[in-house]
Every structure is written in C-alpha cells, then in structure tokens.
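Engineer: Take a look and give me a structure for this.
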Amino acid sequence: MERESNATAAAPAAAALFAWGANSYGQLGLGHKEDVLLPQQLSDFCNPGCVKSITGGGAHSAVVTDEGSLFVCGLNKDGQLGLGHTEDVLYFTPCKSLLGCPIQQVACGWDFTIILTENGQVLSCGSNSFGQLGIPHGPRRCVVPQAIELLREKVVSIAAGLRHALAATASGTVFQWGTGLASSGRRLCPGQTLPLFLTAKEPSRVTGLENSQAVCVLAGSDHSASLTDAGELFVWGSNKHGQLASQAAFLPVPQKIEAHCFQNEKVAAVWNGWTHLVAQTETGKVFTWGRADYGQLGRTLESHEDWKPKKQDPSLRCSRPSKSTPSSLHCLMGATEVSCGSEHNLAVIGRQPQPISPQPPQPSLMPSPVSLPRQCQLLDLPSLHLPVTHRLPDFLPPARHRPLPSAHHSSSAPYPGPRPAGRPALLGF
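Structural biologist: Sure, this is the predicted structure:
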C-alpha cells in the first residue's frame, strides 16, 4: 500500500478491534456479560490488523484471521463455539480442534455454526434440532466441529440462517439443508409439494438454478439468496416482509430479481439481514429492500398498510410497496463495506490509495459535505480510526475496477473517479 509522500502527514493509527451492544452471554468478548452502550476496545487476542472477518450469530461471535485461525466467544449451550464443551465463553478463544486447519469463512446461525476451510471442506457444530448441521443421523448437538461428508465438491461460500444453512460449490451449484423454511412453506403453499431442499436434513441441491453459476449464498431468518457470476440475484423462501421483492408470500424455488430493479446494472455484492437485503451494483450503487420497521432500509417509505403478500401466482408482477422494491441509497454510493445485523446495518465509505486485484474493492472518498437522510446517520466515533481497506469475501469480485466474470461484460458507465482525500466514514442505519 502506498503511503503519503508528505513528510508531515500523520502516521496511520494502529489497527484495533471494538465491540458494543447486547452482551448477555459475553458475545462481545470483553470478559463480562454487561451490555455496552459505547464502543470498547478488545484486548489483543490476535493482531487486529490481521483480522479477515468478524461474524455474529444469535448470541455468539467468531473472528477469522488472515492466517486462518478461528476465535470464538459467547453463548455456547449447544456447543456452537466448537470448543468441546457447553459453557459460555466471555473472551475470544481459539478453536483448538481446528488448529492447523486454516479457515476461510464462518457463518453463524441462531444456535449453530458453519465453518469453511481453505481447502473447501465444510464443518458444523452446535444445535442440530432442525438438521441445520447437515449431519442427518448425528446427535441433536455437536460440541466439536464435524465434517459434512455429503458435501463432496469443493465449497467456496457458506451461509447460515435461523434453522437452515447453504453452500455454493466451485462449480456454481447451491446446496441447502435444515428444515427452517419448511413450516412456513407448508402454511403458505397449501396443497403444494415442497422441493426436497426445503425439508432435507442433509445437503440437497437447490433446484431452479441449473442454468446459473453461484458465487455466493446468503441466508436470512426464513429465506435464502444466491448471487451468480453474471451478477444476477436469486431469492427464495418467506416473503413476509417483502425481502424477496415479489408478490408471493412464499417462493418454494429460486426466483431472479429482475435487473430493472437495480437500474439494469449487475449486482456485484449482496448482504443479508434477518428480514432485509442490501445489494451493491458494479458501479457502486447501494440498494435496500425488505422489512423496514426499525429503519433498517435507511430511507423513508410510503404508507402501504393495506398491502399483503399474495399466496397465489408467485410470478405475478403487479404494484409492490416501496419496502419490497430495491431502492438506491445515494448516501452509500461507493461504500467499501456493508454489514447487516438482524434489523440494523453499518457501512464504511472511504478511499483506497491504489488498486488491489482481486482482493478488496477500491473505495472512493465520501463527498463533502454529505447530506444524509434521517435513517442513515454518520457515527461520531472520534477515537475510532478506520482502516482504508475493508475486505469483502474473497469469492466476490471487486466491484469498482473489474467487471463481473461473465461472458458479456456490462456496458454500464465506469465507476466515478477519485474524490478529494478525506477520512473514511462509518454510517449506521
């Protein structure tokens, strides 16, 4: 990374990890169980500058380092921390059973954890009450990560929801397991036979995606999504809050969200909350849709009190309320990192001195001044020095300087050039 040539320029602050929020089970890793209202710095259980990803579940947390080490803390009553016991853990602790097995990605569900190793193998631990561990004849819980033997092909992406999980393989095939979506599917699709992947307790191929190649999978509380190498986004499951951008109450098979919903641009990255989604296109535009009760869409909505998803004709394309239609947030244009909680989000807007390919996307600077809607607020954290590089999952292509790996590259206008230099900004909504 290039440094400023100006000798008077201040040296970058040392990387540090901060945590705040609910902490009833020690999921913040601060050594206690008291809720925290302001960001507190964590002790250096690892080199903060080498943190690759941070993931949270129902009440447990996981950190993966650049070297592939896994650290966990929080609620552990079902063994979701994979430490060999069921005691809650108040500090980030290394998962010793995985030492020597570099980790690529971790997905935390409500009470279980899915782990992807660097060689493409998938492991799971925690509750198996709904088959969410992908081990059909295993115990009701596993306290040590177990390999999901039925996933024989190399996996490149994993996701965990409330009671279901997904994996995308190197060939672009999507698998799902866990019965979390089955109950709402039976209730909302009476008389229909649900696909096997909605009721299976072992990895089952998701039908309806045969003509696409998935590079990323996502899971909400009661829905699933898949992003393809052509920049197309497919969704299925419950649509109670309009998170599927459809008129149907439940989609038993994947349905593509049409390109016009994203201003005819390809989707380069997507993030998932409990009942809402956030997507970024190849030119840096950020779209939100789904549940909006807590302002998690970052925009003011029109009133659609009389709207309800329909049980019949999932392909119907009539007028939808604004919360179920992807809409662009101008204040997040060029965001370099987005993270979704159950009903809230954080976004980073900053700059990257020089292109790096194919690692993190290259941010542009936040324009100054910035006009933010009431729901999207700049967080005042003067003591928190944000790094300028924020890593998206490795399976996602950089959205700023490289087109999606597709046979037909987008004809969209290139991403805007650099703006005046400034400090990266952290926004919450």
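Engineer: From residue 50, how far out is the residue positioned nearest the centre of the chain?
Structural biologist: By C-alpha atoms, centre = their mean, the mean C-alpha position of the chain lies nearest to residue 271, the distance being 4.1 Å. Distance, residue 271 to residue 50, using C-beta to C-beta, to the nearest Å: 23 Å. Backbone N, C-alpha and C define where each C-beta goes, glycine included.
Engineer: Same question for residue 325.
Structural biologist: With C-beta to C-beta as the criterion, residue 325 and residue 50 are 40 Å apart.
Engineer: Check residue 66 too.
Structural biologist: Distance from residue 66 to residue 50, by C-beta to C-beta: 4 Å.
Engineer: Strands of the stretch 51-200 of the chain, start to end?
Structural biologist: Per DSSP state E, counting those that start in this stretch, the stretch 51-200 of the chain carries strands over the ranges 51-56, 60-65, 70-74, 89-94, 103-108, 112-117, 122-127, 141-147, 155-160, 165-169, 174-177.
Engineer: what packs against the shortest one?
Structural biologist: Spelled out, it's strand 174-177. On a contact count with 3 or more C-beta pairs under 8 Å, 6 or more residues apart in numbering; DSSP states H and E, strand 174-177 meets strand 165-169, strand 204-205.
Engineer: how about the strands of the stretch 201-350 of the chain, start to end?
Structural biologist: Assigned by DSSP E, counting those that start in this stretch, the stretch 201-350 of the chain shows strands spanning 204-205, 214-219, 223-228, 233-238, 250-257, 267-272, 276-281, 286-290, 327-328, 337-340, 345-349.
Engineer: Look up the pLDDT of residue 414 for me, please.
Structural biologist: pLDDT, residue 414: 32.
Engineer: Ok, residue 343 next?
Structural biologist: 89.
Engineer: coming back round to it: adding mean pLDDT, distance to residue 210 and mean neighbour count as columns, could you present the strands of the stretch 51-200 of the chain in TSV?
Structural biologist: As requested, the strands of the stretch 51-200 of the chain are exported to TSV (pLDDT from 0 to 100; distance: least, C-beta to C-beta, whole Å; neighbours: other C-beta atoms under 10 Å):
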stretch	mean pLDDT	distance to residue 210	mean neighbour count
strand 51-56	93	30	17
strand 60-65	97	32	24
strand 70-74	98	34	26
strand 89-94	97	41	19
strand 103-108	98	24	24
strand 112-117	98	23	27
strand 122-127	98	22	26
strand 141-147	97	27	19
strand 155-160	98	18	25
strand 165-169	98	13	26
strand 174-177	98	10	28
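Engineer: For those strands, please prepare a markdown table with the additional fields distance to residue 329.
Structural biologist: Below are those laid out as a markdown table (distance: least, C-beta to C-beta, whole Å):
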| stretch | distance to residue 329 |
| --- | --- |
| strand 51-56 | 23 |
| strand 60-65 | 27 |
| strand 70-74 | 31 |
| strand 89-94 | 32 |
| strand 103-108 | 25 |
| strand 112-117 | 30 |
| strand 122-127 | 34 |
| strand 141-147 | 38 |
| strand 155-160 | 23 |
| strand 165-169 | 26 |
| strand 174-177 | 28 |
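Engineer: out of those, nearest to residue 332?
Structural biologist: Among the strands of the stretch 51-200 of the chain, strand 51-56 comes nearest to residue 332, with 20.0 Å by C-beta to C-beta.
Engineer: Note down every partner strand of the closest one and its orientation.
Structural biologist: Here strand 51-56 is paired, per DSSP bridges, with strand 60-65 (antiparallel).
Engineer: Any stretches of the stretch 301-429 of the chain with poor pLDDT?
Structural biologist: Applying pLDDT under 70 to the stretch 301-429 of the chain flags the ranges 302-323, 351-426.
Engineer: change it to 80
Structural biologist: 301-323, 350-429 (pLDDT under 80).
Engineer: before we move on, back to that, the strands of the stretch 201-350 of the chain: which one's closest to residue 78?
Structural biologist: Between the strands of the stretch 201-350 of the chain, strand 214-219 lies closest to residue 78; by C-beta to C-beta that is 17.9 Å.
Engineer: What are the contacting residues of the closest one?
Structural biologist: Strand 214-219 has contacts (C-beta atoms under 8 Å, 6 or more residues apart in numbering) with 107, 109, 156-161, 164-168, 172-174, 224-229, 270-272, 277, 393, 395-396.
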